[in-house]
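1. Requesting a structural model of the entry that follows:
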Amino acid sequence: MRNITIESNNGSFNYSIISSIEGVIGKIEGIANSNSCFYILDSNVHKIYHDQFKHLFNEKNCFVLNATEEYKSFESIYKIYDFLLENNADRSSYIIVIGGGITGDTGSFAASTFMRGTRLIHVPTTLLAMVDSSIGGKTGVNYKKYKNFIGSFYEPEQVITSSKFLSTLKQEDVLSGMGEVLKYALIDSNFFDYCYSRLDGSLDLPEDDLLYLIGKSAQIKTMS
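-> Model (predicted):
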């Protein structure tokens, strides 16, 4: 496990990288036991990890979002608002967004605008979301032909993830995330040397290396 404090213009938040998905679930359970929680769940995560997560979810606390650009829209935002209102969410509720970048951008935009802002936790499940979209504070949806045209800046209270999510990624998703990691490597010479010596376009790395890769990228992202 690796815990990092992410500094931002609006303060700081904790980023936890846990070595097992069960550990992620346990951390979420600790929050849900004493707080009102609602989940915006990526349809891909729902399909792959349903058995592990199912005891957390019911029809009154979980909204499944189709994770395609078509659904990164105001129509989805309105459906999320309706879902939250119907189930008595309020400003003290947590919205826990579990998934990749599309789900993260859409869910966090809903969190930032519902009742002028609810509490937000990101659980990124793709490499790109882990090192970029979950920590930059940018939220947004598409409008007509314009990508990420309407959005806000809204940071999570914390980010929780596991390197084990990466084992189910398609190769193109791995490469997309690696591209972002290498951008950070160009900023930090020591990190560049690390990447050059270890990365080969896959994520077949020892656990400690994966934790370092994700954590260091997240730190550089917020400093750049």
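
2. Report pLDDT for the residue of the chain most remote from its centre.
-> Centroid-distance maximum for the chain: S197 at 27.7 Å, with CA atoms, centre = their mean. Looking at S197, its pLDDT stands at 89.

3. Can you verify my assumption that L186 contacts D193?
-> No - in this structure L186 lies outside contact range of D193 using CB atoms under 8 Å: 11.9 Å. For glycine as for every other residue, the C-beta is placed from the backbone atoms N, C-alpha and C.

4. which residues does M130 contact?
-> With contacts defined as CB atoms under 8 Å, 6 or more residues apart in numbering, M130 is in contact with 17, 124, 161, 177, 214, 217-218.

5. Is it in a helix, a strand, or coil?
-> Secondary structure for M130, judged by DSSP: H, G, I helix; E, B strand; the rest coil, is helix.

6. how near is it to N148?
-> 19 Å (CB to CB, to the nearest Å).

7. next one: R2
-> Taking CB to CB as the measure, R2 falls 29 Å from N148.

8. So those two - more neighbours on which side?
-> More neighbours surround R2 than the other of R2 and N148, with 18 against 14 (other CB atoms under 10 Å).

9. Which residues lie in contact with that one in this structure?
-> 16-17, 211-212, 214-215.

10. and if we set it to 7 Å?
-> Neighbouring residues of R2 by CB atoms under 7 Å, 6 or more residues apart in numbering: 17, 211, 215.

11. same check, this time on H122
-> 97, 104, 134, 156, 159.

12. please redo it, this time with the cut-off set to 8 Å
-> Counting by CB under 8 Å, 6+ apart, H122 has contacts 97, 104, 108, 129, 134-135, 156, 158-161.

13. K27 now?
-> Contacts of K27 by CB under 8 Å, 6+ apart are 16, 18, 160.

14. what helix or strand does it sit in?
-> Taking DSSP states H and E as the criterion, K27 maps to helix 21-32.

15. What residues of that helix count as buried?
-> 21, 23-25, 27-28, 31-32 (16 or more other CB atoms under 10 Å).

16. Quick check: which ranges of this structure have low pLDDT?
-> 201, 224 (pLDDT under 70).

17. Go through it and flag its longest helix.
-> Taking DSSP state H as the criterion, the chain has its longest helix at helix 207-223.

18. distance between it and the chain's centre?
-> 14 Å (CA atoms, centre = their mean, to the nearest Å).

19. Okay, Q52 and V45: tell me how far apart.
-> Counting by CB to CB - Q52 and V45 are separated by 10 Å.

20. Next: G30.
-> 20 Å.

21. for D132, same thing?
-> 18 Å.

22. try L210
-> 19 Å.

23. Have a look at the two and say which one is more surrounded.
-> Using other CB under 10 Å, the more surrounded residue of L210 and V45 is V45, with 23 against 20.

24. Please enumerate the helices of the protein.
-> Under DSSP H, the chain gives helices at 21-32, 43-53, 74-86, 101-113, 127-128, 171-185, 189-198, 207-223.

25. will you turn these into a markdown table that also has distance to K144?
-> Output for these, formatted as a markdown table (distance: least, CB to CB, whole Å):
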| stretch | distance to K144 |
| --- | --- |
| helix 21-32 | 35 |
| helix 43-53 | 23 |
| helix 74-86 | 10 |
| helix 101-113 | 16 |
| helix 127-128 | 24 |
| helix 171-185 | 24 |
| helix 189-198 | 38 |
| helix 207-223 | 29 |
